[in-house]
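1. What would the 3D arrangement of this be:
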Amino acid sequence: MIYMISDSTRKHITNAALSFVLATMLLSFLGFFMSIIPLIVVYIFKMLTILAIGWLGYGLYVFQSEENNKNLLYVSLLILGGAALELIIVVLQFLVEYKILLLADSGVLVIGIAALSPNIVYLIGFFLLREIVDSFFKAKRNVFKGQMSLPLGYGIFIVFKIVLLVKPLETILEEESTFLFAMSFMEIAVLVMLVLGYWNLRRTFLVLDRVPKQLLERIKPLTYTQAQSPYDSRYQQINQPTQPGAGAIPPEQTVKEIQQPVERKKMFCIQCGLELDPDARFCPHCGSDNPYLT
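-> Model prediction:
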């Protein structure tokens, strides 16, 4: 049985991934102005990233109902569950930060440990999703293999959180510069991996089931081809009188070449799958070379 992703499901998944990328980039940009920006603004953007992940989980849940794929169901439930857990933890952290909820140090530590659980769930879910995308690639449904950016990103983030639990941020700032540099490097690595991972996920589902099979197989470039002729041959013999007489057509005019219409097959980028202009040397979307002109 052949499955195809619906346009509405494609929009849910791709727009959710794009929303996460934009919210995460803005959140990282706000980090340069922490001294003048209220902390509540940071929490708002954190919640926006969580909602984007929940939206992605919902899109994958709808997709699994179209595919009837149990592995996709597990992935969607893991991502939705991780987003729900993270949202609860962020709300608790917000209440503790503004002293609306008063907890002892042990209670704050419990919340910090619990904050690891959503990231562990995300790591498992996106690792399974990588295997599913690989299966789509093998089935020639897209041009992208599953990538490890998201599992690696969440794996590094878990290590980063564990270090912060063992050594509070105030202690790290007082440490030697080498340790502080390592923590800063891990934070940047998490940001890069997550942004790259969600962007690649968006790109994967953007071209899923849209790429013609012949481009996946990288066949020879397509050229002009003639349309199917209604005639059995290119030439038609016109029956004319054999004896000269009224209305007879001279022998040199008895054969008439039938001009057949030609049509041009559509061309698609071999990298992103979007349609190319007839004379474009490069794809306007991703900049890849046009394989038809090489």
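
2. number of nearby residues for Leu116?
-> Other residues near Leu116 number 15, with proximity taken as other CB atoms under 10 Å. Placement of C-beta: from N, CA and C, glycine included.

3. is it true that it touches Phe157?
-> No. Between Leu116 and Phe157 there is no contact under CB atoms under 8 Å: 9.2 Å.

4. Next one: Ala104 relative to Val110, how far apart?
-> 10 Å (CB to CB, to the nearest Å).

5. Tell me which of the two has more neighbours.
-> Taking other CB under 10 Å, Ala104 and Val110 do not tie; Val110 has more neighbours (13 against 8).

6. quick one: contacts for that one?
-> By CB atoms under 8 Å, 6 or more residues apart in numbering, the contact list for Val110 is empty.

7. Within the helices and strands, which one has it?
-> helix 105-114 (DSSP states H and E).

8. Can you list the buried residues in that helix?
-> By 16 or more other CB atoms under 10 Å, the buried positions in helix 105-114 come out as 111-112.

9. a strand runs through Arg141, doesn't it?
-> No. Per DSSP: H, G, I helix; E, B strand; the rest coil, Arg141 lies outside any strand segment and is coil.

10. Could you find the closest non-adjacent residue to Ile79?
-> Spatial nearest neighbour of Ile79, chain neighbours left out: Gly57 (3.5 Å); criterion: CB to CB, 6 or more residues apart in numbering.

11. So, low pLDDT: which residues of the stretch 1-150 of the chain?
-> 1-2 (pLDDT under 70).

12. again, only this time at 80
-> 1-3, 31-32, 34-35 (pLDDT under 80).

13. mind giving me the domain split of the protein?
-> Residue ranges for each domain of the chain read 7-210, 212-229+256-294, as given by automatic domain parsing.

14. winner for burial among these?
-> Stretch with highest mean neighbour count among those: domain 7-210 (a mean of 17; mean count of other CB atoms under 10 Å).

15. how close does Arg281 sit to Asp289?
-> Applying CB to CB to Arg281 and Asp289 gives a distance of 7 Å.

16. same question but for Ile132, I mixed them up
-> Applying CB to CB, the value for Ile132 to Asp289 is 30 Å.

17. hang on, Gln271 is in a helix, isn't it?
-> No. Gln271 is assigned coil when assessed by three-state DSSP, not a helix.

18. Dihedrals phi and psi, it?
-> Here is the backbone geometry of Gln271 (degrees, to the nearest 10): phi -100, psi -50.

19. Pull up the per-residue confidence for the closest residue to it other than its chain neighbours.
-> Distance criterion CB to CB, 6+ apart; nearest residue to Gln271, sequence neighbours excluded, is Ser288 at 4.1 Å. As predicted, Ser288 sits at a pLDDT of 75.

20. Next: Glu176.
-> 61.

21. cool, and the one 10 residues further on?
-> The predicted local distance difference test score for Met186 is 91.

22. Relative to Asn119, how far out is it?
-> 13 Å.

23. just to revisit the earlier point, could you pull up the contacting residues of the residue nearest to Ile79?
-> The contact partners of Gly57, taken as CB under 8 Å, 6+ apart, are 76-80, 82-83.
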